[in-house]
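Chemist: sequence first, then the predicted structure:
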Amino acid sequence: MKQIKKRRRILRIGHPVGFSLFCLACLAVVAGLYLGISWAIKNGPRVVSSLRTTVQEEVLTTPTVEPSREPEEELLPTATPTPTLEVKDTPALGTPDASTPSPEPSVFVTADPRESVGAALYGQVIGIDAARSSTSKYTSEAAYNLTLANHLKLYLESQGATVVMSRTEDTKGDLTNEERGRIFKNGGCTYVIRLMCNHINSKTSACYVQVSKRNKDFGQKLVDAYVEATGMRKQNGKKGGLETKSDSVASECGCPCALLILGNWDNSTDKSNLQDEAFMDRICDGIFNGLMAQITGEPVTTAPPAETDVPGDETLPEEPSGETAEP
């Protein structure tokens with residue numbers, strides 16, 4: 001019978017060597033856990049902070065946030081339309097629309113004035129009416145009136161005023177005096193200056209101002225300042241260079257309004273002077289000084305100029321009644 005030999009099982013727990021190895025393994029595990037827990041306690045907050053910073057940077061730089069802008073861009077067309085859309089079918093600013101029974105004149109407002117509270121005309125809205133129209137029988141004078149109006153506009157803007165124009169180079173057709181007055185009223189004008197030249201049989205050089213009765217004080221200051229600046233004489237027959245006459249522009253605009261007769265367009269000297277740029281600057285000076293005298297309540301510092309001298313017993317004929325009524 002075969003003899004069974006005993007095998008040594010040294011790795012068994014009951015064997016001294018196996019027990020020793022088991023104890024060493026347990027010590028290694030415990031030591032590893034201790035070291036791991038110690039490291040985590042010491043370095044854990046710093047690791048968590050680093051991970052958090054990394055995550056935030058990835059979120060900020062990720063392109064997935066870009067699509068959120070597309071809905072905003074899609075919403076832009078739904079914004080409140082600008083006021084210009086309401087008048088996009090009208091022909092031109094200030095032009096009466098034949099298809100509308102009672103058209104409301106548009107307002108020609110210039111660019112914003114110089115933003116300085118120290119400017120002389122800061123806060124004032126000045127209306128400028130280049131009298132007559134492009135279809136007037138006085139073609140050359142009508143064109144000049146508009147040229148001077150644009151020159152005066154720039155001057156008054158340099159003094160801080162906002163300027164409202166009754167017509168511009170783009171205005172086509174006639175505007176009635178009532179329509180011009182409503183343009184200035186809609187523009188919130190504080191003063192209105194109308195510019196026109198005289199056409200009379202006499203060749204005498206002369207100027208004057210035409211106003212309604214309630215605007216006499218404004219008209220007198222304006223013509224006095226104009227005469228002082230330009231050196232022109234007041235027309236004979238107009239006491240103090242002033243004539244009172246009803247004016248539908250003044251009736252509609254709702255503010256002080258004066259029609260300044262710049263000179264006699266039929267007089268060669270006046271016609272030449274009025275178109276000279278240096279003389280136009282003097283005209284602007286006179287109008288500005290007249291406005292300032294009215295605004296401040298101070299009188300125009302000038303000696304009363306002599307009225308127009310007429311040779312012999314010749315009487316200066318009055319201009320036709322429809323002369324100044326034409327826009």
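Modeler: Sure thing, it's come through.
Chemist: contacts, neighbours, all on C-alpha from now
Modeler: OK.
Chemist: confirm residue 160 sits in a helix?
Modeler: No: the assignment for residue 160, made by DSSP: H, G, I helix; E, B strand; the rest coil, is coil rather than a helix.
Chemist: that one contacts residue 126, correct?
Modeler: No: contact between residue 160 and residue 126 fails when scored by CA atoms under 8 Å: they sit 10.5 Å apart.
Chemist: these two: which has the busier surroundings?
Modeler: Per other CA atoms under 10 Å, whichever of residue 160 and residue 126 has more neighbours is residue 126, with 25 against 22.
Chemist: just say helix, strand or coil for that one.
Modeler: Applying three-state DSSP: residue 126 is strand.
Chemist: just confirm it contacts residue 162, I think it does.
Modeler: Yes: between residue 126 and residue 162 there is a contact at 6.2 Å, judged by CA under 8 Å.
Chemist: just give the number of residues close to residue 190.
Modeler: So residue 190, with other CA under 10 Å, has 18 neighbours.
Chemist: quick check: phi and psi at it.
Modeler: When read as degrees, to the nearest 10, the backbone of residue 190 gives phi -100, psi -30.
Chemist: with residue 147 instead?
Modeler: Dihedral angles (degrees, to the nearest 10) for residue 147: phi -60, psi -50.
Chemist: quick check, pLDDT for it.
Modeler: At residue 147 the predicted local distance difference test score is 95.
Chemist: all helices for the stretch 51-200 of the chain, in order.
Modeler: All helices of the stretch 51-200 of the chain, identified by DSSP state H, counting those that start in this stretch, fall at 69-75, 139-158, 177-186.
Chemist: in a markdown table: these, plus distance to residue 264.
Modeler: Shown next, in a markdown table, are the helices of the stretch 51-200 of the chain (distance: least, CA to CA, whole Å):
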| stretch | distance to residue 264 |
| --- | --- |
| helix 69-75 | 61 |
| helix 139-158 | 10 |
| helix 177-186 | 22 |
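Chemist: give me whichever of the ones you listed is most buried.
Modeler: Comparing the helices of the stretch 51-200 of the chain by mean neighbour count (mean count of other CA atoms under 10 Å), helix 177-186 comes out on top with a mean of 24.
Chemist: residue boundaries of the strands in the protein?
Modeler: Chain-ordered strands for the chain, with DSSP state E as the definition, fall at 108-109, 125-130, 162-165, 191-198, 208-211, 242-244, 257-264.
Chemist: I'd like these written out as a markdown table, with mean pLDDT added.
Modeler: Listed next are the strands of the chain as a markdown table, based on pLDDT from 0 to 100:
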| stretch | mean pLDDT |
| --- | --- |
| strand 108-109 | 54 |
| strand 125-130 | 96 |
| strand 162-165 | 96 |
| strand 191-198 | 95 |
| strand 208-211 | 95 |
| strand 242-244 | 94 |
| strand 257-264 | 96 |
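Chemist: now those in TSV, with distance to residue 222?
Modeler: Formatted as TSV, those follow (distance: least, CA to CA, whole Å):
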stretch	distance to residue 222
strand 108-109	23
strand 125-130	14
strand 162-165	18
strand 191-198	9
strand 208-211	8
strand 242-244	10
strand 257-264	8
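Chemist: quick one: buried residues of stretch 252-259?
Modeler: 252-259 (16 or more other CA atoms under 10 Å).
Chemist: gap between the two ends of that stretch?
Modeler: 14 Å (CA to CA, to the nearest Å).
Chemist: how about stretch 212-219?
Modeler: Stretch 212-219: ends 9 Å apart by CA to CA.
Chemist: which residues are contacting it?
Modeler: 209-211, 242, 244-247, 250, 256-258, 290, 294 (CA atoms under 8 Å, 6 or more residues apart in numbering).
Chemist: buried residues, it. List them.
Modeler: 212, 215-216, 218-219.
Chemist: which one of the residues you listed sits closest to residue 26?
Modeler: residue 218 (112.2 Å; CA to CA).
Chemist: how close does that closest one get to residue 264?
Modeler: For residue 218, the distance to residue 264 (CA to CA) stands at 22 Å.
Chemist: per-residue confidence at residue 22?
Modeler: For residue 22, pLDDT reads 81.
Chemist: what's the burial count for it?
Modeler: 15.
Chemist: how about residue 275, what does it touch?
Modeler: Here residue 275 is in contact with residue 144 (criterion: CA under 8 Å, 6+ apart).
Chemist: relative to residue 156, how far out is residue 273?
Modeler: Residue 273 is 21 Å from residue 156, by CA to CA.
Chemist: what of residue 140?
Modeler: Taking CA to CA, one finds residue 140 at 24 Å from residue 156.
Chemist: JSON lines please, covering the contacts of stretch 212-219 and showing distance to residue 234.
Modeler: Supplementary listing: these in JSON lines, determined by distance: CA to CA, whole Å:
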{"residue": "209", "distance to residue 234": "9"}
{"residue": "210", "distance to residue 234": "12"}
{"residue": "211", "distance to residue 234": "15"}
{"residue": "242", "distance to residue 234": "8"}
{"residue": "244", "distance to residue 234": "15"}
{"residue": "245", "distance to residue 234": "17"}
{"residue": "246", "distance to residue 234": "20"}
{"residue": "247", "distance to residue 234": "21"}
{"residue": "250", "distance to residue 234": "22"}
{"residue": "256", "distance to residue 234": "21"}
{"residue": "257", "distance to residue 234": "19"}
{"residue": "258", "distance to residue 234": "15"}
{"residue": "290", "distance to residue 234": "15"}
{"residue": "294", "distance to residue 234": "20"}
